[in-house]
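Colleague: What shape does this take:
(one chain, ligands or ions: 1)
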Amino acid sequence: MLVKDKVILITGASRGIGRATAKILAENGSHVIVNYNSSENAAKELVDELATNGYVASMFKADVSSEDEVKKLFLYVKEKYGRIDVLINNAGIMKNSLIMMTKTQDFEKIVEINCKGLFLCTRFFSKMMMKQNSGKIINTASIVGVYGNYGQTLYSASKSFVIGYTKASAKELGQYGITVNAVAPGFIESDMTTNTSEEIRNDLMSKTALKRFGTPKDVAKVMLFLSSDLSDYVSGQIIGVDGCEIM
Ligand code: NAP
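Modeller: Reported below is the predicted structural model:
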């Protein structure tokens, strides 16, 4: 029970990495708040499954790119729990295209969700953590935010934003007992990567030392470490979860 009784909000927890993270955190004793945007059925199924197994979870719909909706999410957490121990900024989208083919709408969408969403959630919930004088924030970056990737200028840049935001907010919030870290996953099998071509898959596999792709649970296990007291003196770090993938 590494996170017993901790109140933990995970954005984008209806599917993929967020869903696996919600499961492992609930199994380890926390009160999990499953945020979702469009996948209501998937979120409900998760919360029901956790409740059936005796774990504590609730769900709340909010588009993280909407200030009004993030405010409602914040008020929900404040009224229901009165505190927040861990915020996991996981919600994200990926869009791939060569620079010349990239649509302005795609630029705006990725900035709205991957960057503004992280900023809004951090701003609302860090205020609560500052009052508590404690808290942990975990952001979901990506290995491509560190190295860049062909055909992924927008997505890579949005994840570089996550990395910069993580390091700067760790410096700013440390004085309030708040740690801020990020995970930087490599290729993880989820809805986000299902349409990846065989050619790219083979190329990535050949560059991955562990010779397998990651699972959402591989990332969730690192989220568990960063959510628990085991990581109390870890802050401002970008932790790769990529099976030693050489970009
Ligand atoms: P996924 O399976 O596509 O799941 C994405 C999640 O984000 C869904 O739960 C979705 O919720 C949520 N989401 C999207 N837009 C949202 C919004 N506006 N407001 C609230 N929630 C929103 O993707 P994943 O692979 O689990 O990715 C999770 C995170 O890991 C992302 O930040 C992604 O960039 C990052 N990442 C993934 C990989 C990978 O290889 N898969 C690698 C590196 C980093 P709804 O369906 O309910 O809208």
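Colleague: Output the contacting helices and strands for the lengthiest helix in the chain.
Modeller: Looking across the chain with DSSP state H, the single longest helix is helix 153-173. Judged by 3 or more C-beta pairs under 8 Å, 6 or more residues apart in numbering; DSSP states H and E, helix 153-173 is in contact with helix 104-110, helix 117-132, strand 135-140, helix 143-147, strand 178-185, strand 238-241. To be clear about C-beta, it is placed using only N, CA and C from the backbone, and glycine gets the same treatment.
Colleague: give me that answer again for 7 Å
Modeller: Identification of packing neighbours for helix 153-173 by 3 or more C-beta pairs under 7 Å, 6 or more residues apart in numbering; DSSP states H and E yields helix 104-110, helix 117-132, strand 135-140, helix 143-147, strand 178-185.
Colleague: want to try JSON lines for the ones you listed, with distance to the ligand, mean neighbour count and mean pLDDT as columns?
Modeller: Converted to JSON lines, the helices and strands packed on helix 153-173 look like this (distance: least, C-beta to the nearest ligand atom, whole Å; neighbours: other C-beta atoms under 10 Å; pLDDT from 0 to 100):
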{"stretch": "helix 104-110", "distance to the ligand": "9", "mean neighbour count": "14", "mean pLDDT": "98"}
{"stretch": "helix 117-132", "distance to the ligand": "6", "mean neighbour count": "19", "mean pLDDT": "98"}
{"stretch": "strand 135-140", "distance to the ligand": "4", "mean neighbour count": "26", "mean pLDDT": "98"}
{"stretch": "helix 143-147", "distance to the ligand": "7", "mean neighbour count": "20", "mean pLDDT": "97"}
{"stretch": "strand 178-185", "distance to the ligand": "4", "mean neighbour count": "25", "mean pLDDT": "98"}
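Colleague: Any chance of CSV for those, columns distance to Ala43?
Modeller: Compiled in CSV, the helices and strands packed on helix 153-173 are given as follows (distance: least, C-beta to C-beta, whole Å):
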stretch, distance to Ala43
helix 104-110, 21
helix 117-132, 17
strand 135-140, 18
helix 143-147, 27
strand 178-185, 21
